[in-house]
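# sequence first, predicted model second:
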Amino acid sequence: MKNQDCSKHAGCGCLKPADEVDVNRRRVLNTVATSLVAPIPFVSSEAFAQPAGMLLVDADAEENFKPLRPSDLVLAKPLLVFPFDAQTGAPKNESRLNKIVLVRLPEDRMTPETLARSASGVLAYSSICPHQFCDVKTWMSKENVLACYCHASKFNLFDGAKVVGGPAPSPLPAIPLKLEGEFLAIAATPQRQGE
């Protein structure tokens with residue numbers, strides 16, 4: 001006879017072996033599901049800060065690092081880059097947080113604030129999505145937005161990388177650019193929209 005008041009179930013003898021397996025399976029699935037939706041800690045914009053004056057190189061380059069010029073970028077085609085330390089001759093590629101996305105866009109469509117952070121129409125933002133830290137590198141030409149391939153967050157780069165779709169909680173951190181001679185360089189530390 002089953003004990004109606006039993007609250008432990010697993011191993012108490014009041015359930016059939018198949019019922020015990022179901023209870024144990026539910027516990028395991030609950031533990032796994034809970035760990036999958038655990039919140040990711042907030043990363044401040046300071047984590048994306050880069051020293052001013054650093055040049056930029058293609059993130060896919062493995063040697064012969066060549067600093068980039070505005071003319072090296074194809075209009076509306078994002079390029080992932082790393083800051084380049086000219087003193088050591090190496091990119092700062094030891095952390096994904098250093099990865100930057102560059103996009104050259106028409107200057108006449110940018111807001112004054114966005115234009116002030118650009119260099120010859122080239123904009124720079126952290127390539128790390130503030131939602132769950134995937135790379136943001138897909139340009140959607142029909143919508144004129146940069147998108148995260150993981151969860152489809154969309155950012156309007158013409159207006160400070162504001163979130164215009166998807167789950168991202170904030171804009172991409174902006175990285176102001178300047179020209180050092182003919183090369184693109186970081187002008188100052190990044191800022192989030194509204195800071």
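Sure thing, it's come through. Residues are numbered from 1 along each chain as shown.

# in the protein, which spans are helices?
17-36, 112-117 (DSSP state H).

# any idea how far E182 is from the spatially most central residue of the chain?
The chain has I128 as the residue nearest its centroid, 1.4 Å off, counting by Cα atoms, centre = their mean. Separation of I128 from E182 (Cβ to Cβ, to the nearest Å): 28 Å. Where you see a C-beta, it was placed from the backbone N, CA and C, and this is true even at glycine.

# check what pLDDT the residue nearest to the centre of the chain gets.
At I128, the pLDDT value in this model is 95.

# shouldn't D159 be in contact with R117?
No - D159 is not in contact with R117 according to Cβ atoms under 8 Å; the separation is 11.7 Å.

# overlap of the contact sets of the two?
When Cβ atoms under 8 Å, 6 or more residues apart in numbering defines a contact, no residue borders D159 and R117 alike.

# more neighbours: which of these two?
Shown here are D159 and R117; by other Cβ atoms under 10 Å, R117 has more neighbours (22 against 15).

# contacting residues for the nearest residue to Y149 once chain neighbours are set aside?
Excluding its sequence neighbours, the residue lying closest to Y149 (Cβ to Cβ, 6 or more residues apart in numbering) is T138, at 5.5 Å. By Cβ under 8 Å, 6+ apart, the residues touching T138 are P78, L146, A147, C148, Y149.

# show the pLDDT at the nearest residue to the second one once chain neighbours are set aside.
Spatial nearest neighbour of L146, excluding adjacent residues (Cβ to Cβ, 6+ apart): F155 at 4.8 Å. At F155, the pLDDT value in this model is 97.

# pretty sure F155 sits against A174.
No - between F155 and A174 there is no contact under Cβ under 8 Å: 10.6 Å.
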